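Chemist: Requesting a structural model of the entry that follows:
(chains A and B)
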There are 2 protein chains.
Amino acid sequence: MNEPAGRNIRLLIAYDGTDFSGWQRQDGGRRTVQGVLEAALEKMHGARPSLTGSGRTDAGVHAAGQVANFYTSLKNIPAERFVPALNGLLPRDLRILEARETRPDFHARFDAKARTYRYYLVCGRAALPQELRYALHIRRRPRIERLNEYGRLLLGERDCSLFASPRDSSISRSRHISRCLFFVRQDTLIFEITANAFLWKMVRSVLGTLLSFEERDLPPGTLSDALNRGSRRLAGPTLPGQGLFLWKIEYYRD
Amino acid sequence: MNEPAGRNIRLLIAYDGTDFSGWQRQDGGRRTVQGVLEAALEKMHGARPSLTGSGRTDAGVHAAGQVANFYTSLKNIPAERFVPALNGLLPRDLRILEARETRPDFHARFDAKARTYRYYLVCGRAALPQELRYALHIRRRPRIERLNEYGRLLLGERDCSLFASPRDSSISRSRHISRCLFFVRQDTLIFEITANAFLWKMVRSVLGTLLSFEERDLPPGTLSDALNRGSRRLAGPTLPGQGLFLWKIEYYRD
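Modeler: Numbers count the residues shown, from 1 in each chain, chains lettered A, B, ... in the order given. Purely as a prediction, here's the structure:
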């Protein structure tokens, strides 16, 4: 296999997903994070380097810690200078937080060990416009202890069919969930979940399901049953993307 | 003078100014806060009540505490129900925080005693996309003590010609500034200024001027001289709207 030419640059990326049609480059002029970033890289390089992300995020989903890598043919720019250089070319809803040279075989997607997402919920009180851009507003105040009881049932290696989209085409629906936690910070309810990987739209389905079980005051055993049966119709609604952040990617060799 | 029909309803309003062409209703289909709010009121009332704001905000300027009033012909709705009713009709970048019945002669603009604005600055470190929507990013870290020294010179009744836009047409440029303060909260530099009223774009000119004096390390006496001379060319740049919030309106009889 030919080694790609040039240094391998690893980027830490944040974006406001509201005005993007998700991460993945698309034909037909849709505004995507990958597309906008590759266009900025093309301005710097003359040619367009291909950018590898840790994974796709959907339309409307934000990122505080997306990771991507690309090979640069530029010889004279120190890796950290990609931060101001790219930010100068990028719109303000897409920011490079860090850039560094990494090992030649680093692959942002295949080398990822764990992915963490966060979902922000403003509960009960009136929400400000700047909160509604980055959080979902719900009228009631769910009981956090009960949500965390449910969350503990998800830990470990699990068949995640309950949370699979009808359009899911994964070969295996087994995923290892290592963290599933609710906590409150400054008036906002935060849901944090970490797994080796997620099915499509799974995080939003997990949260919608746990909230729905909590609202109906179902005992934790009912959730265990639903997980075992894995039938989509036992799950709650899939929540919208506005409250969801790709929070952190961890790698095997960092 | 005829008393307008119906109860006088006072609203507390927050908006993300990014996608609005300012507060004031405009002909020609521009999206303004007043226009969108009046359209929602029209849906509730059949006819369009006229909404009186405490003052205009410019394109791109946000509000955390705008106040407005209107007369409702609806007899059976308790005032506080206007909050969920309007929010259900409004886009998420415009939110009603409170609604209550007020005295018949309350006027959101003429009865305002003091207006407070805040400007948010992210200094030095890389800024996140969700910060850049509501704050200005500057590369350097200004000295806060020096900025507060300057700020104290502005307190009291002042001729504000130094900060007047070339297009300013005020009869008097004298304003009473009762607060002018810089402070840091969670990594962000906040400028807060209160006055009985402001000239057009004055807050952004004050802040641009104080930052410019600080950057050039000019002694406070130089600012006093500039204030006395009142010549626009001694002022600093007028900063963009993205970091500016109409924060609070205080009234004579509340």
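
Chemist: As a quick check, tell me the outermost residue of chain A.
Modeler: No residue in chain A sits farther from the centre than A:N76, which is 33.1 Å out by Cα atoms, centre = their mean.

Chemist: So that residue, which state does it fall into?
Modeler: coil (DSSP: H, G, I helix; E, B strand; the rest coil).

Chemist: OK, contacts around it?
Modeler: Going by Cβ atoms under 8 Å, 6 or more residues apart in numbering or on different chains, A:N76 touches no other residue. (C-beta placed from N, C-alpha, C; glycine too.)

Chemist: any idea how far A:E38 is from it?
Modeler: Look at A:N76 and A:E38: by Cβ to Cβ, to the nearest Å, they are 21 Å apart.

Chemist: ok, now A:Q26?
Modeler: 12 Å.

Chemist: now A:G156
Modeler: Taking Cβ to Cβ, one finds A:G156 at 38 Å from A:E38.

Chemist: If you count surrounding residues, which of the two has more?
Modeler: A side-by-side neighbour count of A:G156 and A:E38, using other Cβ atoms under 10 Å in any protein chain shown, places A:E38 first with 19 against 10.

Chemist: The more buried one falls within a helix, correct?
Modeler: Yes - according to three-state DSSP, A:E38 belongs to a helix.

Chemist: Make sure it is actually in contact with A:L51.
Modeler: Yes - judged on Cβ atoms under 8 Å, A:E38 makes contact with A:L51 at a distance of 5.4 Å.

Chemist: sorry, back to before: per-residue confidence for the residue farthest from the centre of chain A?
Modeler: A:N76 carries a pLDDT value of 90.

Chemist: quick one: it from chain B, how far?
Modeler: When distance is defined by Cβ to the nearest Cβ, to the nearest Å, A:N76 is 23 Å away from chain B.

Chemist: likewise A:R125?
Modeler: Counting by Cβ to the nearest Cβ, the gap from A:R125 to chain B is 10 Å.

Chemist: So what's the residue count around the residue lying closest to that residue once chain neighbours are set aside?
Modeler: Spatial nearest neighbour of A:R125, chain neighbours left out: A:D187 (7.1 Å); criterion: Cβ to Cβ, 6 or more residues apart in numbering or on different chains. Look at A:D187: counted by other Cβ under 10 Å, it has 11 neighbours.

Chemist: Determine the set of other helices and strands touching the lowest-mean-pLDDT helix or strand in chain A.
Modeler: Every helix and strand in chain A was compared by mean pLDDT, DSSP states H and E; the lowest is helix A:129-132, with a mean of 90. When contacts are defined as 3 or more Cβ pairs under 8 Å, 6 or more residues apart in numbering or on different chains; DSSP states H and E, helix A:129-132 packs onto strand A:112-123, strand B:94-102.

Chemist: okay, those strands in a markdown table with mean pLDDT and mean neighbour count next?
Modeler: As requested, those are exported to a markdown table (pLDDT from 0 to 100; neighbours: other Cβ atoms under 10 Å in any protein chain shown):
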| stretch | mean pLDDT | mean neighbour count |
| --- | --- | --- |
| strand A:112-123 | 97 | 19 |
| strand B:94-102 | 96 | 19 |
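
Chemist: Go through these and name the closest to B:E214.
Modeler: strand B:94-102 (34.5 Å; Cβ to Cβ).

Chemist: Can you tell me which helices and strands that closest one packs against?
Modeler: helix A:129-132, strand B:7-15, helix B:33-45, helix B:82-89.

Chemist: Closest residue of the stretch 151-254 of chain A to chain B?
Modeler: Using Cβ to the nearest Cβ, A:Q242 is the residue of the stretch 151-254 of chain A that sits closest to chain B, at 8.4 Å.

Chemist: Next up, the contacts around that residue.
Modeler: A:T18, A:G60, A:L132, A:R133, A:Y134, A:A135, A:L136.

Chemist: again, 7 Å this time
Modeler: A:G60, A:R133, A:L136 (Cβ atoms under 7 Å, 6 or more residues apart in numbering or on different chains).

Chemist: What residues does the stretch 101-250 of chain A have near chain B?
Modeler: Residues of the stretch 101-250 of chain A lying close to chain B (Cβ under 7 Å from any Cβ of the partner chain) are A:A126, A:A127, A:L128, A:P129, A:Q130, A:L132, A:R133, A:Y134.

Chemist: Show me the shaky parts of chain A.
Modeler: A:1-4, A:254 (pLDDT under 70).

Chemist: can you list the domains in it?
Modeler: Chain A breaks down into these domains under automatic domain parsing: A:7-102, A:113-251.

Chemist: doesn't A:K43 make contact with A:A85?
Modeler: No - under the criterion of Cβ atoms under 7 Å, A:A85 makes no contact with A:K43, lying 9.5 Å away.

Chemist: Of the two, which one has the most company?
Modeler: With neighbours defined as other Cβ under 10 Å, A:A85 and A:K43 compare such that A:A85 has more, 18 against 13.

Chemist: Which residue comes closest to that one once chain neighbours are left out?
Modeler: A:M44 (6.3 Å).

Chemist: just checking, the one you found touches A:F82?
Modeler: No - using Cβ under 7 Å, A:M44 makes no contact with A:F82, being 8.1 Å away.

Chemist: who's more crowded, these two?
Modeler: Neighbour totals were compared for A:M44 and A:F82, and A:F82 leads with 24 against 17 (other Cβ under 10 Å).

Chemist: if we can go back for a sec, any chance of the contacts of A:Q242 in JSON lines, with neighbour count too?
Modeler: Listed next are the contacts of A:Q242 as JSON lines, based on neighbours: other Cβ atoms under 10 Å in any protein chain shown:
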{"residue": "A:G60", "neighbour count": "17"}
{"residue": "A:R133", "neighbour count": "21"}
{"residue": "A:L136", "neighbour count": "23"}
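
Chemist: Report the separation between A:A40 and chain B.
Modeler: Distance from A:A40 to chain B, by Cβ to the nearest Cβ: 15 Å.

Chemist: thinking that residue is in contact with A:L90, fair?
Modeler: Yes - the criterion here is Cβ under 7 Å, and A:A40 meets it with A:L90 at 5.4 Å.

Chemist: intersection of neighbour lists for the two?
Modeler: Common neighbours of A:A40 and A:L90 (Cβ under 7 Å, 6+ apart) do not exist.

Chemist: A:F106 and chain B: what is the separation?
Modeler: 22 Å.

Chemist: Same check on A:I77?
Modeler: In this structure, A:I77 and chain B are 18 Å apart, going by Cβ to the nearest Cβ.

Chemist: Would you check how far apart the nearest residue to that residue once chain neighbours are set aside and A:D187 are?
Modeler: Distances taken as Cβ to Cβ, 6+ apart put A:A85 closest to A:I77, at 7.1 Å, once the chain neighbours are dropped. Distance check for A:A85 against A:D187: by Cβ to Cβ, it reads 38 Å.

Chemist: ok, the residue nearest to A:L37 when sequence neighbours are not counted - contacts?
Modeler: Nearest non-adjacent residue to A:L37, counting by Cβ to Cβ, 6+ apart: A:L51, 5.7 Å away. Counting by Cβ under 7 Å, 6+ apart, A:L51 touches A:Q34, A:L37, A:E38, A:L41, A:A68, A:F70.

Chemist: Just put the residues you listed in a markdown table and tack on distance to A:F163.
Modeler: Shown next, in a markdown table, are the contacts of A:L51 (distance: Cβ to Cβ, whole Å):
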| residue | distance to A:F163 |
| --- | --- |
| A:Q34 | 25 |
| A:L37 | 29 |
| A:E38 | 31 |
| A:L41 | 35 |
| A:A68 | 26 |
| A:F70 | 32 |
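
Chemist: where do the strands sit along the stretch 151-254 of chain A?
Modeler: Using DSSP state E, counting those that start in this stretch, the strands found in the stretch 151-254 of chain A span residues A:156-159, A:174-185, A:188-195, A:244-251.
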